[in-house]
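Trainee: Kindly return the folded structure for what I paste below:
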Amino acid sequence: MQCSDAELVEAARAGDVDSFRKLYERYYGLAVGIARSRLTDQHLAEDAAQEAFATVCRRFYSLQDPQRFPEWLGTICRRTASKMARSQPNGALVKSEPISPVNDDDCIREQVHEALNHLSRSEREIIHLHYFSGLSYDEVARVLGISPQAVHGRMQRARRKLAIRLSKSE
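Mentor: So this is what the prediction gives:
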């Protein structure tokens, strides 16, 4: 039987390392997706997710509503990733090293990556959470603290912008 977030949070607060591990496994992909939407570099996004979980360990006591763990983690992860982005030269978003296209798939990946860089932070975040982290609209809504209808609307706008951007790069 799967424990709820609140049960895992309470157990982790009490020192149960296994409960913290379960939270980590449950939400690591989400944390990387959020960080990736800010940093656009996979390795730095993974570092930001790790740092966010380290912060969670240190600040478990400050989470007032254990049911809101995903939203709380998302906020910590956004702040961590933004801090990492600011620490880069000129405070700019980190850009991945360009990929030298070897085949058509690599070329398409590079075009999509470039198109994602032209979306707003919130649009990139929605795309990363849904498509790269595999969260449903309801899960994305919960993490972001918005309605599933708002997720749908933002997703539609982001896809439209990506389609326009990708059609220009053909």
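Trainee: how near is the nearest residue to residue 52 once chain neighbours are set aside to residue 63?
Mentor: Of all residues beyond its chain neighbours, the one nearest residue 52 is residue 77 (4.1 Å), with distances taken as Cβ to Cβ, 6 or more residues apart in numbering. Every residue, glycine included, has its C-beta placed from N, CA and C. If you measure residue 77 against residue 63 using Cβ to Cβ, to the nearest Å, the figure is 14 Å.
Trainee: higher neighbour count, the two?
Mentor: Set side by side, residue 77 and residue 63 show unequal neighbour counts under other Cβ atoms under 10 Å, the larger going to residue 77 at 28 against 17.
Trainee: residues contacting that one?
Mentor: Contacts were defined as Cβ atoms under 8 Å, 6 or more residues apart in numbering; by that measure residue 77 touches 30-31, 34-35, 48-49, 52.
Trainee: Mind telling me what element it is part of?
Mentor: Under the criterion DSSP states H and E, the helix or strand holding residue 77 is helix 69-86.
Trainee: got the CA positions of that helix in CSV?
Mentor: Taking C-alpha atoms only, helix 69-86 is exported to CSV below (Å, rounded to 0.1, in the frame of the first residue of the first chain):
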residue,chain,number,x,y,z
PHE,A,69,4.8,18.8,0.0
PRO,A,70,5.0,18.9,-3.8
GLU,A,71,4.1,22.6,-4.0
TRP,A,72,6.7,23.4,-1.3
LEU,A,73,9.4,21.3,-3.0
GLY,A,74,8.6,23.1,-6.3
THR,A,75,9.1,26.5,-4.7
ILE,A,76,12.4,25.4,-3.1
CYS,A,77,13.5,23.9,-6.4
ARG,A,78,12.6,27.1,-8.4
ARG,A,79,14.5,29.3,-6.0
THR,A,80,17.5,26.9,-6.0
ALA,A,81,17.6,26.8,-9.8
SER,A,82,17.2,30.6,-10.1
LYS,A,83,20.0,31.1,-7.6
MET,A,84,22.2,28.8,-9.7
ALA,A,85,21.3,30.7,-12.9
ARG,A,86,22.2,34.0,-11.3
